[in-house]
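Q: Mind looking at a prediction? Sequence and model below.
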There are 2 protein chains.
Amino acid sequence: MAQERKGIVLMSGGLDSATVTGLALNDGYDLLALSFDYGQRHKIELEKAKKIADHYSLQHKIFKIDLTQVGGSSLTSDVGVEQGSLNRSENYIPNTYVPSRNIIFITIASSIAEVSGIQTIFIGANALDYSGYPDCRPEFFSAMRDTLNTGTKLGISKGFNLEVPLQYLKKSEIIKLGMSLGVPYELTHSCYLGGEKACGKCDSCLLRLKGFMEAGIKDPVEYEYLPEFYIKNWG
Amino acid sequence: MAQERKGIVLMSGGLDSATVTGLALNDGYDLLALSFDYGQRHKIELEKAKKIADHYSLQHKIFKIDLTQVGGSSLTSDVGVEQGSLNRSENYIPNTYVPSRNIIFITIASSIAEVSGIQTIFIGANALDYSGYPDCRPEFFSAMRDTLNTGTKLGISKGFNLEVPLQYLKKSEIIKLGMSLGVPYELTHSCYLGGEKACGKCDSCLLRLKGFMEAGIKDPVEYEYLPEFYIKNWG
């Protein structure tokens, strides 16, 4: 494997970003893991991100940006996280949405990338199980790519790659892919709540459990509660 | 004048953003002035921004984001600001360039706008005297507009306007426009150095002085030094 190609991977501590990390490393990239201390209520995400970076012996940078200065989302303010559901309408956007969060994170990553001479940014977003966030959709990533390639020195001179390799995969397909790459899912955290055990009830837990169920694999993390559909298989 | 339309104006404390503010107010917008405490070495920009906001009785929000975490620019690190020149090649990008700075600022503005139900963002960038920054070019703003309209809830549902009204104006034309609107240029600060008096030598001072000279107007701010071309007219 050639180790010349450098990339930045946005690492949230979740299942998707861990999978992208495994995929990019397998593809020969030399990676810098970038996480954001953005005022999220639960720092467990950052602890898990660090564990995943350590697992892969990656340099891990935590960028601080206080998005509580913006407000408006249950992930950064006192608004309660809403109960999960797998049966929402296509246009529903949950209150865990932080306006422009991915745009802000990708943009800051591009700034760090440019200073470090890195041309590739990996993000673990996916469009199918995207849970209603506008900044996880393919048309957004296409526009974001154009923005980086017109609005930055590195973009204009050499070009930026914004890689979204999980974009068209279902959660179960992501999990199967990750298992084949040996991604340490036991170190990941997907729950919107901050407990040591995942809640098993929020949107994020439900999507994750459904993905593991459909992949025919038992989720290695512990849950406070398990939904009926999952218990049928792994209870 | 109708006061229903709301906008956010990015206010740096400089001549261009002051002019855009005057223009948008004259056009009937109800404005929130947004400045960034981004780790710039000189806080005089923020003091001037506050004075301009106060002059117009605008709500003024200062968002903190520490871009020294990125590094690489003379405006946020110990790299020296390079001597100004009005005769640079078209592709020259000076070391005062902070990678992705405008993208980051516009994106954060979009986040605040969305939470506040504001659909319009004003920025005082201009393409002609743009001093070599990639994120001041028209093709960048076009891509950025697409990014906001695909990657945000408000953009998808109602649409975002990213207004760059000075885009195709020369500095002298901006100054003439601002004077006709009564923009308080005596409160603005353009110099890259942080002194109470402008240096008169950096790129930004040279562009400003050339603009005033060509507009046939005397710059109301004080300078430590005045270049020959300006002294001929106003010495």
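A: Arrived safely.

Q: can you give me the strands for chain A?
A: A:6-10, A:30-37, A:59-64, A:120-122, A:161-163 (DSSP state E).

Q: For A:I123, give me the backbone phi and psi.
A: Here is the backbone geometry of A:I123 (degrees, to the nearest 10): phi -140, psi 140.

Q: That one - how many residues pack around it?
A: 27 (other Cβ atoms under 10 Å in any protein chain shown). Where you see a C-beta, it was placed from the backbone N, CA and C, and this is true even at glycine.

Q: Likewise for A:H60?
A: 18.

Q: my read: it touches A:K51, true?
A: No: the criterion here is Cβ atoms under 8 Å, and A:H60 misses it with A:K51 at 9.7 Å.

Q: Of the strands of chain A, which is nearest chain B?
A: Of all the strands of chain A, strand A:59-64 sits nearest to chain B, with 5.5 Å by Cβ to the nearest Cβ.

Q: relative to strand B:59-64, how tilted is the closest one?
A: Counting by axes from the mean of the first three to the mean of the last three Cα atoms, to 10 degrees, strand A:59-64 points 160 degrees away from the direction of strand B:59-64.

Q: can strand A:59-64 be found next to chain B?
A: Yes: Strand A:59-64 is in contact with chain B by Cβ under 8 Å from any Cβ of the partner chain, via A:63-64.

Q: That strand to strand A:30-37, inter-axis angle?
A: 30 degrees.

Q: Outside of strand A:59-64 itself, list whatever touches it.
A: Outside strand A:59-64, the residues within contact range by Cβ atoms under 8 Å, 6 or more residues apart in numbering or on different chains are A:11, A:32-38, A:46, A:49-50, A:53-54, A:108, A:112, B:66, B:69.

Q: worst-scoring helix or strand of chain A, pLDDT-wise?
A: Of all helical and strand segments in chain A, the minimum by mean pLDDT, DSSP states H and E falls on helix A:228-234, at a mean of 84.

Q: buried ones in it?
A: A:Y230 (16 or more other Cβ atoms under 10 Å in any protein chain shown).

Q: list the helices and strands it packs on?
A: helix A:203-215 (3 or more Cβ pairs under 8 Å, 6 or more residues apart in numbering or on different chains; DSSP states H and E).

Q: From B:L23, how far out is A:M11?
A: 43 Å (Cβ to Cβ, to the nearest Å).

Q: no no, A:G216
A: Distance, A:G216 to B:L23, by Cβ to Cβ: 61 Å.

Q: If you count surrounding residues, which of the two has more?
A: Neighbour tally, A:G216 and B:L23, criterion other Cβ under 10 Å: the higher count belongs to B:L23, 21 against 11.

Q: Is there proximity between the longest helix along chain A and chain B?
A: Counting residues, the longest helix in chain A under DSSP state H turns out to be helix A:101-116. Yes: with Cβ under 8 Å from any Cβ as the criterion, chain B is reached by helix A:101-116 at A:101-104, A:107-108, A:110-112, A:114-115.
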